[in-house]
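J.: got a sequence here, can you model it:
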Amino acid sequence: MDQLRDLADSRLFRGCAYCGAHPSTRDHVPSKVFLDEPFPTELPVVGACKVCNSGFSRDEEYVACLVECALLGTVNPALHRREKIAGILRRSPALRAKMASARSEVEGQVSFSIEPERVRNVVLKLARGHAMFELSWFSDQDPVAAWWHPIALLSPEQREEFENVPAPQLWGEIGTRASQRVGVIQAKLVGPTGEERVIDLLINDWLDVQQGRYRYLATDQDGLIRVRMVLGEYLACEVVWEQS
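T.: Residues are numbered from 1 along each chain as shown. Next up is the predicted model:
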C-alpha cells in the first residue's frame, strides 16, 4: 500500500491514537506480529505514547496466535507455517498451554474458545489506529458497535455487506489519506424499459497491507466512523463510532 502524506488540517487531533496522551513514540498499525517478513516498505504508522506502544503486545501476540492456531487446528509450533507464530509458541510455553486448553475437537471439527476481552482490546486498538491514520480522527469513547467473527462463517448476505465498499455522497476532512485514496468507477444502470445510463461513483476501496495477511477499510459516512479489518483472511472485524 502507498504511504500517502497526511494533508489534513493541522488543527485536527495529533495525540496518541489510542489514549490521546502526548505521542512520544510511533506505532505500526497493524503491528508486525500480524504480518510476514519481508514487511511492506510503507507500513502505516501513528503517534503513540510509550504505555500504549508496549501495552498491547501480549494481547496482540495472543490474537495473532489464536488466528493461526484456528486456521491450522493445532498449537504445535513444528506444524506452523508462519515462523513468527511458531517462534512465539516456542518461546511462550504458557501461551501454548493456554491455546491447547482452549482447543476442542468434535467429530473432526476443531474450534478454539477465546478470551473476548483480549480480542476486543486488539480489535479496538487496530481500529483506532486506522481511524487516525486514514481519517485523522480520534475518540476515547467506546464504539457503538464492535464485533469479530470467522469470515468463512458469515452468511452470504453478511459477507456481501461486510465486503461492500460504500459510495458516499460526502467525504470527510479534505487532505486526509482516505480523501486522497478516492477512486472513480463507472456503473451501468438499466431502467425498467431497458434504457441504459452510465454514472460515475466515488469509492474508497479496501487496502491490502499484505496480501493474505491483513487488509482494512476505514470510512467516514453518515455521521459514523467505520473501520473493517480482516486478519489472516480468517477473522473479520468491524468497529463503529458515532461522530460527536
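J.: quick one: end-to-end length of stretch 38-55, please.
T.: This stretch, stretch 38-55, spans 25 Å end to end (Cα to Cα, to the nearest Å).
J.: flag every buried residue along it.
T.: Within stretch 38-55, the residues scored as buried using 16 or more other Cβ atoms under 10 Å are P40, L43, P44, V46, G47, A48, C49, C52, N53. Bear in mind the C-beta positions are built from the backbone N, C-alpha and C, glycine included.
J.: widest-spaced pair of these?
T.: P40 and C49 (24.7 Å; Cβ to Cβ).
J.: hey, which helix is longest across this protein?
T.: Ranked by residue count under DSSP state H, the longest helix found in the chain is helix 116-135.
J.: gap between that helix and the chain center?
T.: Remark: helix 116-135 is offset 7 Å from the chain centroid, using Cα atoms, centre = their mean, to the nearest Å.
J.: picking up where we left off before, nearest to L79 among the buried residues of stretch 38-55?
T.: Checking the buried residues of stretch 38-55 against L79 with Cβ to Cβ, the nearest one is P40 at 26.7 Å.
J.: A helix includes that closest one, no?
T.: No: going by DSSP: H, G, I helix; E, B strand; the rest coil, the assignment for P40 is coil, not a helix.
J.: how long is stretch 138-148 end to end?
T.: First-to-last residue span, stretch 138-148, Cα to Cα: 21 Å.
J.: just to revisit the earlier point, buried set for the longest helix of the chain?
T.: 118-135.
J.: give me every residue that touches I151.
T.: The contact partners of I151, taken as Cβ atoms under 8 Å, 6 or more residues apart in numbering, are R159, F162, V230, E233, Y234, L235, A236.
J.: which of the residues you listed are buried?
T.: Using 16+ other Cβ under 10 Å, the buried members of the contacts of I151 are F162, V230, L235, A236.
J.: nice, that's everything, thank you.
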